[in-house]
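Chemist: just to be clear, the model below is a prediction. Sequence and coordinates:
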Amino acid sequence: MAGDEAPLPVFVYGTLRRGGGNYPLFLRGRTTAEVPARLPGAVLYEGPGYPFAVSAPAGEIRGELMTLVPGRYAAVLAALDVLEDHRPGDPGSLYDRVVRDVRTERGESVRAWVYLAAERVARRLRAEGIRVPGGDWPRRV
């Protein structure tokens, strides 16, 4: 991150959403704002107990935009990278952390970090994965 670049919020769509199993472990008490949001241009696929977001032109994923506490930003982002198995440059990573435009429920466009399935995982999911209808992980059943 450049010296005067503002930290980006994180768009979460699975177990890190409020009510999800990883929310209390990684985000509760570590955010200054949590707002419903949508990620256009992506779809969700079932994973082993958690979802994978994959780029797709006509898709949309529902989730939440989490603004991290400034003093804990680097530590929380590093912990999320470990949770999401994001290892830059490692072809064995499950997810890539990328910047995308996310829309809040008020229609505002916000740049945010998003964990997308790494390309090798995305290829497999596109070929044989099970999509989550409506792009909403908590409402998949």
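Modeler: Here it is on my side, so go on. Numbers count the residues shown, from 1 in each chain.

Chemist: where exactly do the strands run in the protein?
Modeler: 10-12, 31-45, 52-68, 95-104, 109-117 (DSSP state E).

Chemist: adding distance to residue 124, write those out as a markdown table.
Modeler: C-beta: built from backbone N, CA, C; applies to glycine. Compiled in a markdown table, these are given as follows (distance: least, CB to CB, whole Å):
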| stretch | distance to residue 124 |
| --- | --- |
| strand 10-12 | 23 |
| strand 31-45 | 9 |
| strand 52-68 | 10 |
| strand 95-104 | 14 |
| strand 109-117 | 9 |
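
Chemist: of all those strands, which one is nearest residue 24?
Modeler: strand 31-45 (12.0 Å; CB to CB).

Chemist: using PDB, list the CA coordinates for that closest one.
Modeler: Below are the C-alpha coordinates for strand 31-45, written out as PDB (Å, rounded to 0.1, in the frame of the first residue of the first chain):
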ATOM      1  CA  THR A  31     -14.500  -2.900  12.300                       C
ATOM      2  CA  THR A  32     -15.900   0.700  12.300                       C
ATOM      3  CA  ALA A  33     -18.700   0.000   9.800                       C
ATOM      4  CA  GLU A  34     -20.500  -3.100   8.400                       C
ATOM      5  CA  VAL A  35     -22.900  -2.500   5.600                       C
ATOM      6  CA  PRO A  36     -24.800  -4.700   3.200                       C
ATOM      7  CA  ALA A  37     -23.300  -4.600  -0.300                       C
ATOM      8  CA  ARG A  38     -23.200  -6.400  -3.600                       C
ATOM      9  CA  LEU A  39     -20.300  -7.500  -5.800                       C
ATOM     10  CA  PRO A  40     -21.200  -7.300  -9.500                       C
ATOM     11  CA  GLY A  41     -19.400  -9.400 -12.000                       C
ATOM     12  CA  ALA A  42     -19.000 -12.600  -9.800                       C
ATOM     13  CA  VAL A  43     -20.900 -15.700  -8.800                       C
ATOM     14  CA  LEU A  44     -20.600 -18.000  -5.800                       C
ATOM     15  CA  TYR A  45     -19.800 -21.700  -5.800                       C
END
